[in-house]
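Undergrad: I'll drop the sequence and a predicted model, then ask my questions.
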Amino acid sequence: MRYHAPATFEEAVSIAAGASGVTRFLAGGTDVLVQLRSGLVTPDDLIDLKKIPGTGDITRLEDGGWRIGVAVSGAELGAHQALVADWPGVVEGMELVGSTQVQGRATLTGNLCNGSPAADSVPGLVAAGANVTVQGPKGTRDIAVEAIPAGPGKTTLAPGEIITAITLPPRGKHAGDAYLRFIPRTEMDIAVVGCAVSLVRDGDRVVSARVALGAVAPTVLLVDACAKAIEGTTLDEAALAALTRAAEAAAKPISDKRGTKEFRIEVAGVLARRAAVIAYERAGK
Amino acid sequence: MAKDEITKGYTWIGTTPDRPDGLDKVTGRARYGADFSLPNMLHGAVVRSPHAHARIVKIDATKALALTGVKAVVTRADLPTGLTGEDLYLQENTLAGEKALYDGHAVAAVAATTALIAQDAAKLIEVEYEVLPHVTDVDEAMKPDAPVILPGCADHSVPEGSAPNVARYIDFGRGDLDAGFAEADVVRSAHYTTEATHQGYIEPHAAVGQMGADGKGEMWVCTQGQWYIRKMCSAVLGTDPAQLRVTPSEIGGGFGGKTTIFMEPLPLALSKKAGGRPVKMVMTRAEVLRATGPTASASMDVKMGMKKDGTITAARVDFRMQGGPFPGASPVGEALSCAFACYDIPNLGHHGWEVLANRPKCAAYRAPGSPMAAYAVESMVDELCRELGLDPIEVRLKNGVKEGTRASFGPKYKRIGLVETLEAAKAHPNYAVELGPNQGRGVASGFWFNHGGETSVSMAITEDGTAQVSVGTPDIGGSRASIALMAAETLGIPYENVRVNIVETGALGVNEPTHGSRATFASGKAMWEAAQGAIKEMCKRAAQKWDIDPEAVTWKDGAAHPAGENAGKFEPMTIKEIAAEMGKTGGPISGHHESTPSGAGPSFGTHVVDVEVDPETGHTKVLRYLVVQDAGTAIHPAYVEGQYQGGAAQGIGWALNEAYIYGQDGRLQNPIFLDYRMPVASDLPMIDTVIVEVPNPGHPFGVRGVGETGITPPLPALANAIHAATGARLRKLPMNPPAVLAAIRAKG
């Protein structure tokens, strides 16, 4: 195994593109190092990205959006008051990952690239309409977060491609987001179902919404039907009932050791309803 | 309850000083199994079967042995043949013979100069398997056409024509069941099942073993019982137990799972083959979960009759338990004996079947068998109470066992404290808290026999008048502190002047492990006896000095005193003065005691739990939890509370989320703490405790073991509380959110 600590993304891309065996990128290492220790993966090339300048930064953009470096930990996100004020749902998703110790290292980008359908931070990013910047041998492109996961443990990134930052759009006024997950315990667990809702209000009415479901399909789902169920409504009982049905209909889970198919479908509806109410309240503040 | 409310005239007993091993443990200095190393040491790794049931066609270690750094490989062919009974099963479990019998069963082991090389070498050992049909479910394993795990496993107790995996059958009872059920106003029966759970100790099994070609060896190992390690390893390896010296490390939890062997013979076998170089072996968590002792899974039927006034007239249980692929491991006998231990019922029937299955060899787990039995019986008592509109504590008081009651399993109880625990639970503020919507309260009682066991203890007086106590029972729950307190009380010296050492097998006669809640009871009792010997000798030395009859000297407050006016007028001679001169007055002063003590007073407890169930997700939140248990005499009340709380925490885990999950392929799907869901700290409320003290007449200070009973009531108490909150009766563990939500939906 070769350990690399490049100083620039160009260098990192060149190492990754030239590698022929198993390559893993290291930021927080809370997935990679665990997989390595348990013998699941033995990389030929381990490329440490956190020494690249800027990867530890949270930057407010001119348009009011945010750029989050790939080595920013969950604890740093949680301590950033302005970011939390804009995107509480995104941050609370990330903060549910692992323990206090893991929070000191785990990153949004790592959680996304690990490719788990149950990743707690991904539904929030998808609902937020976040983009990632991807740099590769053929150049740089910006794509939506939901385009990255390709199924359990897989991403759509080509060999040699690296995510260099996550961008959250400007939050704007009268907007709010929320993430809820269901686990059998209270912490230190993997989502059996996750749901994030982001919405914008005009008075009592929801003018636009994005709803994402986690752990109910091979990838996190962005569910238009859920958004449609609440857009134009005051999030009254009828709207919440329609949202519940839309989430249940969109969920395509499997039964496994963490929960049954029937349970996940029902709880997807419950969480969508509960998360929408929280996002709605936050948007009203 | 604060100890100072219970005054018994003791100076040290009942106080709560820091544990003698505390500083080492909180500073990381304490040496656990994996902390031990020796010069020139090799590291071992184990090859494990990926199949639940497979014939081993061939093992080829050629490539592994060719790897630089590899020093030895052992397979079953390296172990002696001709073993029988439990020795054979221990050997089979150490290394598979003709067949691998469960996912994770050890097939070969390798030693190399580094742990990484050993792991690589293990991957290079080629094992050819012929996969066989398997069975992991207890009821499936009892079918006549189930895959046969160990042909001819049945012992003499098994009736002709039983299914081939039935290894043992037990039945006993009393009275007339038919007449008893006819007397009842309501007779109900129901079927309950529990899943296997693991002890979940935080420290994985670890050992360093060294053995020469002459069969002389040493071992440093994390264990609850160094003499059991010695006996079992020697049996498996065909060596002489007297030539193996075993030193226990500090222990990071055992709960019964470290009273036996799993990989421990392997470092010795590898060492012997590697020219006597010591070999270290440390299990991973996945190895611990796949291949060390979980408890049994159970399929149980209960039938019970009750009169309208709450009198239980008759009851019968039929328990089926699988404890892995070898006979003798499943605690079905204990489960039957515990089933009705809390109740005085005239007509009783008990029937039990031990069944083999393709799962890891079951080990003891905190009150083995009792939690499953309690889940079935205490749920049924609750079902009848609700049907008849009776208070669950009143019904238990009405039928509860007392001094003189003949126990369901035979003997007459001496002084016991079930009734006192029920009264204390009833009087506790938790029992009166008003509950809100979706909340419910559950009550259940529990029992454990407690145990004496082979015990050997030695006490030596130090030159400065302090004392050292050598005991053979590893300290897993604060027993150093409790034995030091009892020694201080007995000798009349400060607690800090006593050092309790957990010693190796060469230092004492045979000791059973710390199991059966016996360490404070049995080692404490033997310490008291040993101290009497030392005191007698110290009185003799004073008598010599005063030139009076030794019988005319008594011991109090840490000094020899003339027994009375007639003995003569002498200033008391302190332990310090006697010890300072002992070399000149007759030599070292010590006391010894060896026995298998009887009189381990039975332990009873009653738990009260309040839960809130989310009706939309089935998630159960434990709002408040109360443990009331009889400790006899609480030597160190804080550590008694710790035992109560720990038992409740493990029971809550077993009730709500913990389970062995097997796939269709017979492989364990959750050999990791992420998916083997033990409770985390935030899952539990503060667990309230009440220490009831009904002294045990069989112990000089009235001690009853306190370690085990606490895990038995949580399983039914949670089921009863969830029923109260939701109206849904969960008769299958775990009662996880999908199961609770499905039960709520099924109720309509």
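TA: Perfect, thanks for sending it.
Undergrad: what residue in the stretch 1-150 of chain B comes nearest to chain A?
TA: Proximity to chain A, evaluated over the stretch 1-150 of chain B using Cβ to the nearest Cβ, is greatest for B:Gln119 at 7.2 Å. All C-beta atoms are positioned from the backbone trio N, CA, C, and that covers glycine.
Undergrad: was I right to think that residue contacts B:Ala45?
TA: Yes: counting by Cβ atoms under 8 Å, B:Ala45 is a contact partner of B:Gln119 at 4.9 Å.
Undergrad: these two: which is more packed in?
TA: Between B:Gln119 and B:Ala45, B:Ala45 has the larger neighbour count (other Cβ atoms under 10 Å in any protein chain shown), namely 27 against 17.
Undergrad: phi, psi for that one please.
TA: phi -140, psi 160 (degrees, to the nearest 10).
Undergrad: surely it is in contact with B:Ala115?
TA: Yes: shown here, B:Ala45 and B:Ala115 form a contact pair, counting by Cβ under 8 Å, at 7.2 Å.
Undergrad: show me where chain A has helices.
TA: A:9-18, A:32-37, A:74-79, A:81-86, A:88-95, A:100-103, A:108-113, A:122-128, A:224-230, A:237-250, A:261-283 (DSSP state H).
Undergrad: what of the stretch 451-600 of chain B?
TA: B:479-491, B:524-546, B:575-585 (DSSP state H, counting those that start in this stretch).
Undergrad: contacting residues for B:Lys426?
TA: B:Ile393 (Cβ atoms under 8 Å, 6 or more residues apart in numbering or on different chains).
Undergrad: which of the helices of the stretch 451-600 of chain B is buried the deepest?
TA: helix B:479-491 (a mean of 26; mean count of other Cβ atoms under 10 Å in any protein chain shown).
Undergrad: can you pull the contacts of the most centrally placed residue in chain A?
TA: Nearest to the mean C-alpha position of chain A, counting by Cα atoms, centre = their mean, stands A:Val122 at 1.7 Å. A:Val122 sits next to A:93, A:111-112, A:145, A:149, A:212, A:214, A:220 when contact means Cβ under 8 Å, 6+ apart.
Undergrad: just give me the neighbour total for A:Asp224.
TA: Around A:Asp224 there are 14 other residues, counting by other Cβ under 10 Å.
Undergrad: neighbour count added to the contacts of A:Val122, as TSV?
TA: Formatted as TSV, the contacts of A:Val122 follow (neighbours: other Cβ atoms under 10 Å in any protein chain shown):
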residue	neighbour count
A:Gly93	34
A:Asn111	24
A:Leu112	24
A:Val145	27
A:Pro149	25
A:Ala212	29
A:Gly214	30
A:Val220	28
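Undergrad: reformat those residues as a markdown table; add pLDDT and distance to chain B.
TA: Output for the contacts of A:Val122, formatted as a markdown table (pLDDT from 0 to 100; distance: Cβ to the nearest Cβ, whole Å):
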| residue | pLDDT | distance to chain B |
| --- | --- | --- |
| A:Gly93 | 98 | 18 |
| A:Asn111 | 98 | 15 |
| A:Leu112 | 98 | 19 |
| A:Val145 | 98 | 25 |
| A:Pro149 | 97 | 20 |
| A:Ala212 | 98 | 19 |
| A:Gly214 | 98 | 16 |
| A:Val220 | 98 | 20 |
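Undergrad: which of those residues lies closest to B:Val401?
TA: A:Gly214 (52.4 Å; Cβ to Cβ).
Undergrad: now do the same contact list for that closest one.
TA: Listed by Cβ under 8 Å, 6+ apart, the contact set of A:Gly214 reads A:117-120, A:122-123, A:181, A:191, A:193-196, A:220-221.
Undergrad: packing partners for the helix or strand containing B:Ala655?
TA: Under the criterion of DSSP states H and E, B:Ala655 resides in helix B:637-656. Other elements packing on helix B:637-656 under the criterion 3 or more Cβ pairs under 8 Å, 6 or more residues apart in numbering or on different chains; DSSP states H and E are helix B:370-388, strand B:620-630, strand B:687-692, helix B:714-726.
Undergrad: if you set the cut-off to 10 Å instead, what comes out?
TA: Judged by 3 or more Cβ pairs under 10 Å, 6 or more residues apart in numbering or on different chains; DSSP states H and E, the packing partners of helix B:637-656 are helix B:370-388, strand B:439-448, helix B:479-491, strand B:603-613, strand B:620-630, strand B:687-692, helix B:714-726, helix B:737-747.
Undergrad: contact residues of chain A facing chain B?
TA: Applying Cβ under 10 Å from any Cβ of the partner chain, we find that chain A lies next to chain B at A:34, A:37-39, A:42, A:99, A:182-190, A:192-193, A:244, A:255-264, A:266-267, A:269-271, A:273-274.
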